[in-house]
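In: Just a sequence and a predicted model for now, questions to come.
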Amino acid sequence: MVRRPGIFPTFFLSGFECSTFLWRDQGRRDLVEETRHREHAQEDYDLLRSLGIAVSREGVPWPLVERDGRYDFTRLEPVIEAMARAQVLPIWDLCHYGYPDGLDPFADDFAERFARYCRAAAEHVTARVHGPWYFTPINEITFWGFCGGEWGWVAPHHTTREDRFRFRFALCRAAIAGVRAIREVCPEARMIHMEPLIQVVPPKDRPDLADEAREETADDTFFAWDVLAGRRHPELGGAPDVLDIIGANCYAFGQMEYRDHGPHAAMGPRDERIRPLCDMLQDVWDRYQRPMIIGETSGLGDGRPAWLKDVMEESLAAVTRGIDLHGVCLFPAVDMPNWHTGEWLHNGICDLVEEGGDLRRVAFDPYVQELRRWQKILNRVTELDEDPFSDPVELQDVIDAAGRLHMQADKNWS
């Protein structure tokens, strides 16, 4: 008998980079193609199975499956078949920084068009994948607001603060419509809304910017979640059941020094202004009281094992405080390119090595071994058994481990 059942069959989750943005000066990009995930889907999901990971974020590429209101989901079949054979459940990411050509996100019909697509996608995947079913309607509304509304990196390629505000509002409205459409098809579907955890501080020599930094931290951390929960703009139909599960994405560059124009500057390690991850999770928990996961996290290069260690220590400190944390998503499972330069980031469980016109998967063993260490500490499986879905995660094991280790928040976690 499970005393504290978790939402997922495993505590550790993973996922695959699936952006389909319209990049400035380059046109439409498909990161699943750039990483060859479709061609290597079985190998990629067998990897997760061997690592004891039974849940993975997987993208449905809206710009590539919809043409003038008609849908072709055949490109999903290789990943659906691979997931079924490996017994890994998907979190379907329905919009990852991309929408179909010719569609205007500021137009009145954008939310309705997105809802129709969400309904079609839900009908397709729920008929082919056994439940439970998880969806992320729109990934990182806050960040997409910046990179598409103010920085001009991706469509709609706008470059003003006011357009950022308009864009994120439009994305929130569409996400709420998408949730409602999915639940018309699958009332029991769970929604996981991924947003970055951020902190913005003034430059040390510009204390006069403290109010701007503080306002941006408070507004940008919580805006999308607030709208989805119905705390802001209730006319859009947000509610706690829409917000459902919170995915808090955690990267080092989420703690930044304020800049007047363009992206803020990431703070370096050991900066005394860094906040503990545990405290940032506490802010989210206190505000919404909703189940949570670390929706994305990864270090870079040789720092990946140390990053996982720090994230796990902070996560267990949060569990000790009573925060309802249901999992940690190691994202991505395989490497991804820097969007700007194309260079491999070396942030995955596997690195990608160019070889004979293909991309060979090479597991980064120190990262894998750190994962194995935490699986043993938390009494989690290190490889999936014949029926990984027979029982949910026993969260009491995680709570007991947190109590045993006496983890405390540490601002030097990064």
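Out: Nice, I can see it.
In: Gly131 - how many residues pack around it?
Out: Here the number of neighbours of Gly131 (other Cβ atoms under 10 Å) works out to 12. Every C-beta, even on glycine, is put in place using the N, C-alpha and C of the backbone.
In: Chain neighbours aside, what residue packs nearest to it?
Out: Closest residue in space to Gly131, ignoring its immediate chain neighbours: Glu188 at 7.1 Å, by Cβ to Cβ, 6 or more residues apart in numbering.
In: who's in contact with the one you found?
Out: 131-133 (Cβ atoms under 8 Å, 6 or more residues apart in numbering).
In: One more: Ile349?
Out: In this structure, Ile349 makes contact with 14, 47, 51, 330, 332-334, 363-364, 367-368, 371, judged by Cβ under 8 Å, 6+ apart.
In: What separation do you get for it and Thr126?
Out: Ile349 is 28 Å from Thr126, where distance means Cβ to Cβ, to the nearest Å.
In: ok, now Cys118?
Out: Counting by Cβ to Cβ, the gap between Cys118 and Thr126 amounts to 12 Å.
In: higher neighbour count, these two?
Out: Between Cys118 and Thr126, counted using other Cβ under 10 Å, the more crowded position is Cys118 (29 against 18).
In: and that one, that's in a helix?
Out: Yes. Per DSSP: H, G, I helix; E, B strand; the rest coil, Cys118 lies within a helix segment.
In: Quick check: chain neighbours aside, which residue is closest to it?
Out: Leaving out its chain neighbours, Cys118 is closest to Gly178 (Cβ to Cβ, 6+ apart), at 4.0 Å.
In: Remind me what the helix or strand hosting the one you found packs against, helices and strands.
Out: Secondary-structure element containing Gly178, defined by DSSP states H and E: helix 161-185. In terms of contacts (3 or more Cβ pairs under 8 Å, 6 or more residues apart in numbering; DSSP states H and E), helix 161-185 is packed against helix 110-126, helix 141-149, strand 190-196, helix 210-229, helix 240-243.
In: cutoff 10 Å now
Out: helix 110-126, strand 134-136, helix 141-149, strand 190-196, helix 210-229, helix 240-243 (3 or more Cβ pairs under 10 Å, 6 or more residues apart in numbering; DSSP states H and E).
In: Let me know the angle separating it from strand 190-196.
Out: Here the directions of helix 161-185 and strand 190-196 differ by 160 degrees (axes from the mean of the first three to the mean of the last three Cα atoms, to 10 degrees).
In: quick one: the residue nearest to Cys118 and Cys95 touch, right?
Out: Yes. In this structure Gly178 lies within contact range of Cys95 using Cβ atoms under 10 Å: 7.8 Å.
In: who touches both of these two?
Out: With Cβ atoms under 10 Å, 6 or more residues apart in numbering applied, the overlap between the contact sets of Gly178 and Cys95 consists of 114, 117-118, 121, 136-138.
In: mind giving me TSV with the residues you listed and columns for distance to Val311 and pLDDT?
Out: Formatted as TSV, the shared contacts of Gly178 and Cys95 follow (distance: Cβ to Cβ, whole Å; pLDDT from 0 to 100):
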residue	distance to Val311	pLDDT
Phe114	32	98
Tyr117	33	98
Cys118	31	98
Ala121	31	98
Thr136	20	98
Pro137	25	98
Ile138	24	98
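In: would you turn those into TSV with distance to Val381?
Out: Output for the shared contacts of Gly178 and Cys95, formatted as TSV (distance: Cβ to Cβ, whole Å):
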residue	distance to Val381
Phe114	37
Tyr117	36
Cys118	33
Ala121	30
Thr136	25
Pro137	30
Ile138	32
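In: No further queries at this time; thank you.
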